[in-house]
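In: structure for the following, please:
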Amino acid sequence: MKNGGQVEQSYYFRHLNYMLKNQFMKIHLLHLFILISVSVFAAQKHTISGTVSDASSGESLIGATILIDEIPGTGASTNAYGYFSLTLNDSQYTLIVSYLGYKSIVQAINIKENRMINFKLEPDTRQLDEVEVTARRTNDNILSTEIGVERVQVKEIAKVPVIFGEADILKTLKLTPGIKSVGEASGGFYVRGGNSSQNLILLDEATVYNADHLLGFFSTFNSDAIKDIQMFKGTAPAEYGGRISSVLDVKMNDGNNQTHHIGGGIGLISSRLNLEGPIVKEKGSYLVTARRTYADLFLKLSPDELINNNQLYFYDLNLKANYRIDERNRIFLSGYFGRDVFEFQERFGLDWGNITGTLRWNHLWNAKLFSNTSIIYSNYDYKVNILQDEGFSLTSIIKNWNFKHEFQYYPDSKNTLTFGVNSFYHTIIPGQLDTTEDSDFTPTRLQEKFAVDNGVYISNTWKPTYNLNINYGLRFSAYHLFGPGDFYTYRDGAITDTTTYAKNQIVKSYYQIEPRLNIAYIFDERNSVKASFTRNTQNLHLISNATSTLPTDIWLSSSNNVKPEIGNQFSLGYFTNFKEDMYQLSTEIYYRWMQNQIDLKNGADINANEHIEGELLFGVGRAYGAEVLLRKKRGKLTGWIGYTWSKTERLIDGINNGNWYPARQDITHDVSVVGIYDINKKWSVSATWVYNTGNAVTFPSGKYLVNGNVRYYYTERNGYRMPDYHRLDLGATRILKKTSKYESSLNFSVYNAYGHKNPFTIDFEPDENNPEVINAVKTYLFTYVPSITYNFKF
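Out: Numbering: from 1, shown residues only. Just a heads-up that it's a prediction; the model follows:
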């Protein structure tokens with residue numbers, strides 16, 4: 001045994017020196033210094049700043065636009081808290097404040113000094129009756145630098161038919177190109193070749209480690225609690241880090257600061273309730289949403305003990321409060337508590353859940369400088385219980401604290417800077433085995449792992465000309481794994497060395513530079529071409545059994561054996577609108593190269609295994625594809641058609657004889673069609689149809705006998721395909737009553753309307769009459785699933 005070295009007090013200074021030696025960082029900081037200097041000494045300029053909110057509820061409007069009528073192409077958009085800042089030469093201007101679904105405000109203003117103006121937009125009921133694809137300008141897809149970004153609002157997904165009739169954010173996102181699921185009842189989602197653990201999922205800035213209820217039939221996001229959803233498939237801004245595939249950023253409603261409201265819905269297997277209102281009118285508000293399934297209550301009505309002793313339900317609770325202290329300071333407190341419980345015959349049990357909490361402080365330093373400071377907590381755990389005979393339980397936990405301090409600086413009308421720091425403290429308990437007194441198993445608690453993940457980032461959105469829009473940024477991350485404990489070194493799965501570290505001693509450190517770049521060239525208001533490049537790193541890794549659909553996988557930290565995953569992605573896209581922006585067409589291609597990818601050895605054991613790192617194999621990956629999306633945004637008929645062609649492969653020494661093989665989430669063709677038709681003010685109907693070629697899967701290639709028992713042998717990893725998947729869902733919504741004080745509706749839906757038997761699993765079993773013959777046995781979950789939901793609000 002040997003002891004690890006002590007922490008050097010100067011290592012933080014060495015980090016800073018490393019950053020400054022990097023030439024790219026020097027050039028970047030020089031450009032930003034020039035921008036700040038020019039803004040300080042510029043003469044005869046003043047700043048208009050303020051907020052944009054919903055006049056009826058007080059909710060801040062994210063992405064509302066403030067345009068200058070006299071200067072085409074000049075304007076600003078509100079940030080995540082509804083704030084904007086725009087610096088102009090002293091003169092008289094006409095401001096146009098707009099947000100889709102709301103009546104625009106046109107206001108003349110004479111700029112001679114800095115001014116703060118808060119705009120309150122009135123909802124436009126004519127637009128609210130339509131399903132809009134985005135909440136921004138009708139041609140924002142042309143003018144912005146964003147490529148590979150999907151945005152949806154809750155009002156936009158309410159009419160999309162889904163299983164059990166409840167509006168679901170994740171299921172709607174999976175109907176867009178580049179975002180996939182793998183089969184029926186498969187939790188998680190897969191973006192541009194990445195696996196489900198390579199997606200960063202945030203709820204009010206807090207990490208959500210498992211975003212599914214009931215094995216993927218519901219998401220953790222109650223639509224009544226959600227205000228804004230952004231999905232970054234391509235280059236995410238520099239403030240996001242820690243995952244190499246995508247970012248899903250979900251923001252909760254703040255709550256109505258004008259009047260109190262009660263709303264909710266009653267469905268066949270679940271119900272939900274929503275409460276919101278002012279704490280102090282126009283200064284503070286609260287939000288409480290709760291949801292629970294009650295299939296287990298119906299099971300108890302059965303006289304059959306094989307049925308009435310089972311439990312199967314989930315619940316979640318969203319809480320949020322905010323208060324505006326004064327014009328420059330506002331605080332927010334939000335939390336999420338959710339859990340799934342499954343118990344069969346008092347023999348087997350499984351439960352899992354997320355807890356998150358976020359405390360935020362918004363501060364306006366001056367008209368050009370806005371900051372947000374957050375303290376964030378996340379916790380995810382699961383527990384497997386074997387309750388019969390020699391009972392035992394297996395628990396795994398991952399939790400973290402995160403401090404984030406971010407600034408937005410608006411030096412002039414052509415630049416918007418975002419910069420800040422964040423620091424995570426991770427605690428990981430890979431496995432804990434608890435036993436009963438009569439059990440022959442030995443209680444085991446795997447060694448806890450502690451790590452700190454620090455990030456510093458800066459980015460700028462720069463519009464040098466009307467035709468050119470650029471967003472560039474840089475993120476520096478420093479990851480440290482700490483003791484105490486014994487840390488092993490493996491070679492070919494065998495332990496070659498053991499090192500003991502004391503508390504707070506550094507076991508391993510990794511430093512990464514992550515550049516981000518988006519460029520948009522705007523031909524005119526209807527056509528643009530965009531390109532982007534991003535580099536991301538990931539130090540938390542999810543180890544999964546390829547055949548498992550349960551949330552019982554293991555999170556591991558980067559270590560002396562496991563290196564950070566690295567993803568580099570380049571994407572290129574063409575965007576066009578026609579018929580006055582009624583139709584939007586986008587075509588994107590991408591190529592992603594991934595390093596330090598992880599897979600399991602054949603027959604690997606991952607549960608309660610102290611030496612799980614010795615079960616891992618490492619290599620590289622690649623993913624490439626093309627995405628086409630046609631959207632119709634207005635009129636009685638709205639919706640979209642999406643198509644994806646893609647390939648996702650891995651090359652890992654020790655698997656498939658060292659040859660490239662398809663990843664489990666490799667789906668070559670994926671088609672989705674969504675249509676929503678408003679018959680009249682009372683009725684609307686909708687339909688979705690999805691089709692994809694089967695995902696890659698490992699099946700046996702042959703069999704042999706051992707003492708008369710059939711054994712299977714396997715030749716290649718993921719060398720076979722599941723059958724093609726397709727499904728038609730139908731829906732209808734009937735508005736029962738809609739006034740200024742009360743509204744109610746009935747939603748009808750049929751999941752899998754033509755009853756196609758999509759396989760859940762395919763198993764291989766000897767024929768009962770002839771053991772020499774092996775049968776493939778297909779298990780499917782659903783044919784037709786009708787549902788009805790009553791929704792209300794008053």
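In: quick check: end-to-end length of stretch 737-751?
Out: End-to-end distance for stretch 737-751: 26 Å, by Cα to Cα, to the nearest Å.
In: list the buried ones in that stretch?
Out: 744-745, 747-751 (16 or more other Cβ atoms under 10 Å). For every residue, glycine as well, the C-beta is placed using N, CA and C.
In: can you check stretch 357-366 too?
Out: Here stretch 357-366 shows 357-358, 360, 362, 364 as buried, counting by 16+ other Cβ under 10 Å.
In: run through who's touching it.
Out: 49, 81, 83, 204-206, 327-336, 370-377 (Cβ atoms under 8 Å, 6 or more residues apart in numbering).
In: filter these down to the ones in strands?
Out: Counting by DSSP state E, the contacts of stretch 357-366 place 49, 83, 206, 329-336, 370-377 in strands.
In: narrow these to those that are buried.
Out: For those, buried by 16+ other Cβ under 10 Å: 49, 83, 206, 330-332, 334-336, 370, 372-374, 376-377.
In: got a list of what Asn257 touches?
Out: With Cβ under 8 Å, 6+ apart, Asn257 has these contacts: 57-58, 278-285.
In: surely it is within a strand?
Out: No. Assessed with DSSP: H, G, I helix; E, B strand; the rest coil, Asn257 is coil; it does not lie in a strand.
In: just the ones of the buried residues of stretch 357-366 in helices?
Out: Counting by DSSP state H, no part of these is found in helices.
In: where does the protein dip in pLDDT?
Out: 1-43, 125-138, 153, 156, 185-186, 306-307, 388-390, 545-551 (pLDDT under 70).
In: for the residue nearest to the spatial centre of it, what are its contacts?
Out: The chain has Leu248 as the residue nearest its centroid, 2.5 Å off, counting by Cα atoms, centre = their mean. Neighbour list for Leu248: 173, 199-202, 211, 229-232 [criterion: Cβ under 8 Å, 6+ apart].
In: and for Gly755?
Out: So Gly755 contacts 783-784 (Cβ under 8 Å, 6+ apart).
In: what about it, distance to Ser77?
Out: 46 Å (Cβ to Cβ, to the nearest Å).
In: quick one: secondary structure of Asp605?
Out: Asp605 - assigned by three-state DSSP - is coil.
In: next up, the contacts around it.
Out: Glu615.
In: what about the strands in the stretch 151-300 of the chain?
Out: For the stretch 151-300 of the chain, the strands defined by DSSP state E, counting those that start in this stretch cover 179-180, 190-191, 199-203, 206-207, 212-213, 218-219, 226-232, 246-252, 261-266, 270-280, 284-293.
In: ok so, going back, between the buried ones among the ones in strands among the contacts of stretch 357-366, which is nearest Asn770?
Out: Set against Asn770, the nearest of those by Cβ to Cβ is Tyr336 (54.3 Å).
In: quickly list what the closest one is bridged to.
Out: Judged by DSSP bridges, the bridge partners of Tyr336 are Asn318, Thr356.
In: per-domain residue ranges of the chain.
Out: 2-135, 249-793 (automatic domain parsing).
In: out of those domains, which gets nearest to Arg192?
Out: Per Cβ to Cβ, nearest to Arg192 of the domains of the chain: domain 249-793, 5.8 Å.
In: between the buried residues of stretch 357-366, which sits nearest Gly731?
Out: Nearest member of these to Gly731, counting by Cβ to Cβ, is Thr358, at 33.7 Å.
In: any idea how far the residue nearest to the closest one when sequence neighbours are not counted lies from Ser374?
Out: Leaving aside its chain neighbours, Thr358 sits nearest to Asp204 (4.5 Å; criterion: Cβ to Cβ, 6 or more residues apart in numbering). Using Cβ to Cβ, Asp204 is found at 9 Å from Ser374.
In: turn the domains of the chain into a markdown table, including distance to Leu143.
Out: Shown next, in a markdown table, are the domains of the chain (distance: least, Cβ to Cβ, whole Å):
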| stretch | distance to Leu143 |
| --- | --- |
| domain 2-135 | 8 |
| domain 249-793 | 6 |
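In: out of the ones you listed, nearest to Gly193?
Out: Comparing the domains of the chain by Cβ to Cβ, domain 249-793 comes nearest, at 2.3 Å.
In: roughly how far is that closest one from the heart of the chain?
Out: 6 Å (Cα atoms, centre = their mean, to the nearest Å).
In: please apply the same query to stretch 150-159.
Out: Going by Cα atoms, centre = their mean, where stretch 150-159 is centred and where its chain is centred differ by 15 Å.
In: span of it from start to end?
Out: End-to-end distance (Cα to Cα), stretch 150-159: 18 Å.
In: for the stretch 601-750 of the chain, just list every one of the strands.
Out: 616-632, 637-652, 661-662, 669-678, 683-692, 696-697, 702-706, 709-713, 720-721, 725-738, 743-751.
In: and of these, who's closest to Lys508?
Out: Among the strands of the stretch 601-750 of the chain, strand 616-632 sits nearest to Lys508 (Cβ to Cβ), with 15.2 Å.
In: and the closest one, what's buried?
Out: Quick answer for strand 616-632 (16+ other Cβ under 10 Å): 616-625, 627, 629, 631-632.
In: again with stretch 262-278
Out: 263-265, 267-278.
In: cool, stretch 535-547 as well?
Out: Buried residues in stretch 535-547 (16+ other Cβ under 10 Å): 535-544.
In: same check, this time on stretch 759-777
Out: So stretch 759-777, judged by 16+ other Cβ under 10 Å, has buried residues 759-761, 774.
In: and stretch 344-351, by the same measure?
Out: 349-351.
In: partner strands of the helix or strand encompassing Ile522, with direction?
Out: Using DSSP states H and E, Ile522 falls within strand 506-524. Note on strand 506-524: by DSSP bridges, its sheet partners are strand 468-482 (antiparallel), strand 527-538 (antiparallel).
In: I'd like the ones you listed as JSON lines, with distance to Ser509 appended.
Out: Below are those laid out as JSON lines (distance: least, Cβ to Cβ, whole Å):
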{"stretch": "strand 468-482", "distance to Ser509": "5"}
{"stretch": "strand 527-538", "distance to Ser509": "13"}
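In: TSV please, covering the strands of the stretch 151-300 of the chain and showing distance to Ala478.
Out: Formatted as TSV, those follow (distance: least, Cβ to Cβ, whole Å):
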stretch	distance to Ala478
strand 179-180	31
strand 190-191	26
strand 199-203	18
strand 206-207	19
strand 212-213	32
strand 218-219	33
strand 226-232	23
strand 246-252	20
strand 261-266	45
strand 270-280	40
strand 284-293	36
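In: what's the most buried one of those strands?
Out: A comparison of these by mean neighbour count, using mean count of other Cβ atoms under 10 Å, puts strand 190-191 on top with a mean of 28.
In: residues in contact with it?
Out: By Cβ under 8 Å, 6+ apart, strand 190-191 touches 178-182, 196, 198-199, 231, 233, 245-246, 665.
In: swap the cut-off to 6 Å and go again
Out: 179-180, 233, 245-246, 665 (Cβ atoms under 6 Å, 6 or more residues apart in numbering).
In: burial count for the closest residue to His541 other than its chain neighbours?
Out: Distance criterion Cβ to Cβ, 6+ apart; nearest residue to His541, sequence neighbours excluded, is Leu556 at 4.9 Å. Neighbour count for Leu556, taken as other Cβ atoms under 10 Å: 21.
In: is it true that Leu556 touches Leu540?
Out: No. Counting by Cβ atoms under 6 Å, Leu556 does not reach Leu540; the two are 7.5 Å apart.
In: thinking again about what came up before, of the strands of the stretch 151-300 of the chain, give the one that comes closest to Gly567.
Out: strand 246-252 (10.1 Å).
In: in CSV, list the strands of the stretch 601-750 of the chain along with distance to Asn110.
Out: Converted to CSV, the strands of the stretch 601-750 of the chain look like this (distance: least, Cβ to Cβ, whole Å):
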stretch, distance to Asn110
strand 616-632, 40
strand 637-652, 41
strand 661-662, 64
strand 669-678, 43
strand 683-692, 46
strand 696-697, 64
strand 702-706, 83
strand 709-713, 81
strand 720-721, 67
strand 725-738, 42
strand 743-751, 42
